[in-house]
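> would you be able to build a 3D model of this:
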Amino acid sequence: MQQKRTLKSIHKQLSDAKLVDKQAALEKTRWEAMTSKQKVKLQNDIDSMQGEFPSFMVFLNGLTKNNPTTRAEDYDVAPHHLDHLPYMVL
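Modelled structure (predicted):
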């Protein structure tokens with residue numbers, strides 16, 4: 001009788017250990033899937049930015065080129081003092 005209880009106890013412990021191993025493997029798989037999805041998303045973001053960066057540089061270069069139709073008189077370069085405005089606390 002004692003031997004039978006001991007065998008049952010050992011069998012239960014073994015089953016519990018196997019269950020813990022399976023749960024750990026499942027959690028590892030879930031983690032790998034999540035990080036893999038994040039890697040794909042980040043790679044897509046990088047690819048998108050790499051496509052946008054040259055366009056942005058072309059845009060900036062266009063803004064910084066000397067444009068003969070743009071005159072300094074077209075811009076208000078006089079400083080504006082805001083001392084007469086009330087102080088605002090944000």
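> hey, where'd the helices end up in the protein?
Residue ranges of the helices in the chain, as given by DSSP state H, are 2-64.
> show me the residue at the heart of it, geometrically.
Of all residues in the chain, the one closest to the mean position by Cα atoms, centre = their mean is L42, 6.6 Å from it.
> relative to A33, how far out is it?
Distance of L42 to A33, given as Cβ to Cβ, to the nearest Å: 15 Å. For the C-beta atoms, the positions are set from N, CA and C on the backbone; glycine is no exception.
> again, but for P54
For P54 relative to A33 (Cβ to Cβ), the value is 34 Å.
> equivalent analysis for E52, please.
29 Å.
> what residues does stretch 14-25 touch?
For stretch 14-25, there are no surrounding residues in contact (Cβ atoms under 8 Å, 6 or more residues apart in numbering).
> low-confidence ranges in this protein?
66-77, 79-80, 85, 88-90 (pLDDT under 70).
> switch to 90 and redo it
Along the chain, the parts satisfying pLDDT under 90 run over 1, 4, 47-90.
> just give the number of residues close to A24.
10 (other Cβ atoms under 10 Å).
> that should have said S36, apologies.
Neighbours of S36 (other Cβ under 10 Å): 10.
> one more: L19?
Applying other Cβ under 10 Å, we find 10 residues neighbouring L19.
> state the distance from it to P86.
69 Å.
> cool, T6 as well?
To P86, T6 is 86 Å away according to Cβ to Cβ.
> what does T64 give?
From T64 over to P86 the distance is 38 Å, taken as Cβ to Cβ.
> who's more crowded, the two?
Taking other Cβ under 10 Å, T64 and P86 do not tie; T64 has more neighbours (8 against 4).
> now the more buried one: how far from V58?
11 Å.
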